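Peer 1: let's see this in three dimensions:
(4 chains)
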2 protein chains.
Amino acid sequence: MPDQRELATAAALALPRFVGSTALFHAAVAERMAVTPTELHCLHLLHGGVSDSPSELARLLGISTGAFTRLLDRMERHRLAERAPDPADRRRLVVRPLPDRMAELAELYAPMARFVGERLARLDRRQLTALVGFLTDGTAAAEEASHNLPDVTQAITS
Amino acid sequence: MPDQRELATAAALALPRFVGSTALFHAAVAERMAVTPTELHCLHLLHGGVSDSPSELARLLGISTGAFTRLLDRMERHRLAERAPDPADRRRLVVRPLPDRMAELAELYAPMARFVGERLARLDRRQLTALVGFLTDGTAAAEEASHNLPDVTQAITS
DNA sequence: GGCAGTCACTGCGCAGGGCAGTGACTGCAC
DNA sequence: GTGCAGTCACTGCCCTGCGCAGTGACTGCC
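Peer 2: This next block holds a predicted model:
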């Protein structure tokens, strides 16, 4: 029976593997939908209602606004999203997800969604609280760490 | 005080955000090291001792062997890894990580590693067991789902 | 009314990756 | 042993997603 310390080590090892396999899963879904990973990521942001502003979406996706314009072009072509004018500010526009291919997306994610649902249902309140706390704080920590990377400016020769 | 069902929902929502922010963190680290995300991913695989075979690494990274050759070229140029002949099979070669820039990598990951360590230390055995189980099974589920995507072959017109 | 700032957008160049083919090598069949 | 299919890393060629820098439209502050 593993003690607390061993379990913590196991968790620390399992974490990157989980993240890695999840990334590959997303890549596989994107490929199956004939869509780039960035487009898929954007679709998730739109679907989750995180934002509908091009500049903000570009920032969240980690790409430039110029690249986002092209990305939107592709997404419109593939009927994943559409542009709409922003009534409040005529410079801006609003990005809206299209329902056209959402069913397809849901179908691809169904197995994973089912797994998550079933697995979470087997946890009690204390376990779920710990999980939610870890994920939430981890999200904040990752964002904070992204914007606060230590300076390790070393020269690359060649 | 949230009940079990609400907590499960919260966890299901927190999960994709965590994965997303983690992905962006990796991208930020890669950029800071002047390295592509794929190279960084490869570096993790090498560092974790997952494999040292080019074809297997290519498979794990989700790229072709041809692309991996170029990736290895870049990694050698940046002193991240080196090629070595495989004594058992002269077609093969062995990829070895170089210690040169490992300190730099560790430094960039230090904040996140510290967070994970501290956060995990606050959990009890039952909570850790749940977390490890979720991550481990999640990894397996993601891999299985990647290779078993439902057929949603729809035509993209244009 | 001018002016700096912000918005989405566009030409251009770059680089990572896929594809298909190549030579070197292995191990199995016979 | 000798052939032969399979596998290995590698190489041209091409495609495409993205950054960069500049542009016109528009906003809001002074």
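
Peer 1: quick one, strands of chain A?
Peer 2: For chain A, the strands defined by DSSP state E cover A:81-85, A:93-97.

Peer 1: so which residues on chain A come close to DNA strand C?
Peer 2: A:53-55, A:58, A:65-66, A:68-70, A:72-73, A:83, A:91-93 (Cβ under 7 Å from any atom of the strand). All C-beta atoms are positioned from the backbone trio N, CA, C, and that covers glycine.

Peer 1: about what we covered before: just the strands of chain A: most buried one?
Peer 2: strand A:93-97 (a mean of 17; mean count of other Cβ atoms under 10 Å in any protein chain shown).

Peer 1: need the contact list for the residue most central in space within chain A.
Peer 2: Nearest residue to the geometric centre of chain A (Cα atoms, centre = their mean): A:H41, 5.2 Å. Each residue near A:H41 by Cβ atoms under 8 Å, 6 or more residues apart in numbering or on different chains is listed here: A:26, A:61, B:20, B:23.

Peer 1: relative to B:A30, how far out is it?
Peer 2: Distance of A:H41 to B:A30, given as Cβ to Cβ, to the nearest Å: 16 Å.

Peer 1: equivalent analysis for A:P37, please.
Peer 2: 14 Å.

Peer 1: do the same with A:P16
Peer 2: 15 Å.

Peer 1: is any residue of the helix or strand of chain A with the lowest mean pLDDT near DNA strand D?
Peer 2: Lowest on mean pLDDT, DSSP states H and E among the helices and strands of chain A sits helix A:4-32, with a mean of 89. No. Judged by Cβ under 7 Å from any atom of the strand, helix A:4-32 stays clear of DNA strand D, getting no closer than 10.0 Å.

Peer 1: spatially nearest residue to A:A81 (excluding sequence neighbours)?
Peer 2: Once flanking residues are discounted, A:A81 sits nearest to A:M75: 4.4 Å by Cβ to Cβ, 6 or more residues apart in numbering or on different chains.

Peer 1: test my guess that A:F25 contacts B:A145.
Peer 2: Yes. The pair formed by A:F25 and B:A145 meets the contact definition of Cβ atoms under 8 Å, at 5.8 Å.

Peer 1: which residues do the two both contact?
Peer 2: A:M112.

Peer 1: pull out the buried positions in stretch A:6-23.
Peer 2: For stretch A:6-23, burial by neighbour count (16 or more other Cβ atoms under 10 Å in any protein chain shown) applies to A:7-8, A:10-11, A:14-23.

Peer 1: need the strands of chain A in JSON lines with distance to A:L46 and mean pLDDT, can you?
Peer 2: Below are the strands of chain A laid out as JSON lines (distance: least, Cβ to Cβ, whole Å; pLDDT from 0 to 100):
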{"stretch": "strand A:81-85", "distance to A:L46": "6", "mean pLDDT": "95"}
{"stretch": "strand A:93-97", "distance to A:L46": "4", "mean pLDDT": "96"}
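
Peer 1: can I get these in CSV with distance to A:A121?
Peer 2: CSV is the format used below for the strands of chain A (distance: least, Cβ to Cβ, whole Å):
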stretch, distance to A:A121
strand A:81-85, 33
strand A:93-97, 28
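
Peer 1: out of those strands, the one nearest DNA strand D is which?
Peer 2: Of all the strands of chain A, it is strand A:81-85 that lies closest to DNA strand D, at 9.9 Å by Cβ to the nearest atom of the strand.

Peer 1: can you confirm whether that closest one lies near DNA strand D?
Peer 2: No. Judged by Cβ under 7 Å from any atom of the strand, strand A:81-85 stays clear of DNA strand D, getting no closer than 9.9 Å.

Peer 1: and the gap between A:D100 and DNA strand D?
Peer 2: Remark: distance between A:D100 and DNA strand D (Cβ to the nearest atom of the strand, to the nearest Å) = 19 Å.

Peer 1: low-confidence ranges, chain A, go.
Peer 2: Applying pLDDT under 70 to chain A flags residues A:1, A:151-158.

Peer 1: report the closest residue of it relative to DNA strand C.
Peer 2: Here chain A gets closest to DNA strand C at one residue, A:G66, 2.5 Å apart by Cβ to the nearest atom of the strand.
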